[in-house]
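In: just coords:
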């Protein structure tokens, strides 16, 4: 998710059928998964912090563990971000991620571990090198650092029974990985010799950590917005970056030139061109344009699509339609970004509270009661034969 200059500017469950929205009790038992090979995911990187800040998540008026709520409603993948050595937060470092992975495993869900290779947000606008690696002068030296950090992290997790199911080598890596502070991103042309060496070092580390621990984590490369994916993967392939299992796409209509039809067409072309499978690994949609705190909402009225109003039903319908499009065009998963980043008394660097409470799966107007959006997982999708 992008946290760059635009950050400064900026009940019950439901199922959708052809006849409209059918509300079901939040306490209704979960049905069997319609397709066990499809990933219904949620990025829950904020959960530990939100709970430490006093957040309470509810289903049917009762307090619930969010990991178990997502699992009980059919989600099967938890995405977690990992920064190298953040000195501005006590979250999303190794110990915090390990804590989250234990919770995901206890709920029966798989984990997608998202290496940012940065001490801060790495995204489609910038990719900053970790402080510990700033003085490494050569590409070979940086590649060795990427390899060792990745290998050591994964083998340590594996030693505790926490090897992730899938690993992202980089987050929204539209820009060149591990950029220097004096780079001018607007005019810089990616050095693909350097970039490929860093990606291949991370990829090799995942493969070799898997062999060393008798596991086989899958590998994802991740680009923000579908219109950027095909040019990027063409250049990556030409540079020798080819050993990956999944292509991850961020899709936020606010920051994309493509509508859902454009997203679907991109998924179909990527699936036909590469051996890798495609997952929309970040998406979100607001259920209201109201806010619960002083922190500006990142997904305001300017993010809305005409067919999907900012209502609980509109959010659900967006997710159902997006997911059916992914399925119909060969994609294998949808991951919702930060459905639990609710409003609390804690602060971010941009304000007090949350910048995302209007795009979560929890209704702040009703004590963080679970919203109908949870029901998109159980929709009767049309699956390929």
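Out: Cool, got the structure. Being a predicted model, the structure only gives us computed values, none of them experimental.
In: Just give the nearest non-adjacent residue to residue 346, would you?
Out: residue 53 (3.9 Å; CB to CB, 6 or more residues apart in numbering). (C-beta placed from N, C-alpha, C; glycine too.)
In: residues contacting that neighbour?
Out: Neighbour list for residue 53: 344-346 [criterion: CB atoms under 8 Å, 6 or more residues apart in numbering].
In: Residue 118 too?
Out: Listed by CB under 8 Å, 6+ apart, the contact partners of residue 118 are 83-84, 127-130, 178.
In: name the helices or strands packed onto the helix or strand hosting residue 141?
Out: Mapping residue 141 onto the secondary structure by DSSP states H and E places it in helix 139-159. If contacts are counted by 3 or more CB pairs under 8 Å, 6 or more residues apart in numbering; DSSP states H and E, helix 139-159 sits against helix 94-106, strand 110-115, strand 166-169, helix 192-212.
In: Contacts for that helix, please.
Out: Counting by CB under 8 Å, 6+ apart, 82, 84, 94, 98, 101, 113, 115, 117, 129, 132-133, 136, 163-164, 167, 169, 178, 193-194, 197-198, 200-202, 204-206, 208-210, 212-213, 215, 217 sit against helix 139-159.
In: Mind giving me the PyMOL select for those, buried ones only?
Out: To isolate the buried members of these in PyMOL, using 16 or more other CB atoms under 10 Å:
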select buried, resi 82+84+98+101+113+115+117+129+133+136+163+164+167+169+178+194+197+198+200+201+202+204+205+206+209+210+217
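In: could you show me where the helices are in the stretch 201-350 of the chain, in order?
Out: Listed in chain order, the helices of the stretch 201-350 of the chain (DSSP state H, counting those that start in this stretch) span 229-238, 260-273, 312-328.
In: And the shortest one, what's buried?
Out: Judged by neighbour count (16+ other CB under 10 Å), helix 229-238 contains these buried residues: 229-230, 232-233, 236.
In: now swap in the last one and tell me
Out: With burial defined by 16+ other CB under 10 Å, the residues of helix 312-328 counted as buried are 312-327.
In: The spatially most central residue of the chain bridge partners, please.
Out: Centroid-nearest residue in the chain, with CA atoms, centre = their mean: residue 282, separated by 4.4 Å. Beta bridges link residue 282 to residue 250, judged by DSSP bridges.
In: ok, back up a step: the helices of the stretch 201-350 of the chain into a markdown table, with extra columns for mean pLDDT and distance to residue 62?
Out: Formatted as a markdown table, these follow (pLDDT from 0 to 100; distance: least, CB to CB, whole Å):
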| stretch | mean pLDDT | distance to residue 62 |
| --- | --- | --- |
| helix 229-238 | 98 | 42 |
| helix 260-273 | 98 | 35 |
| helix 312-328 | 98 | 19 |
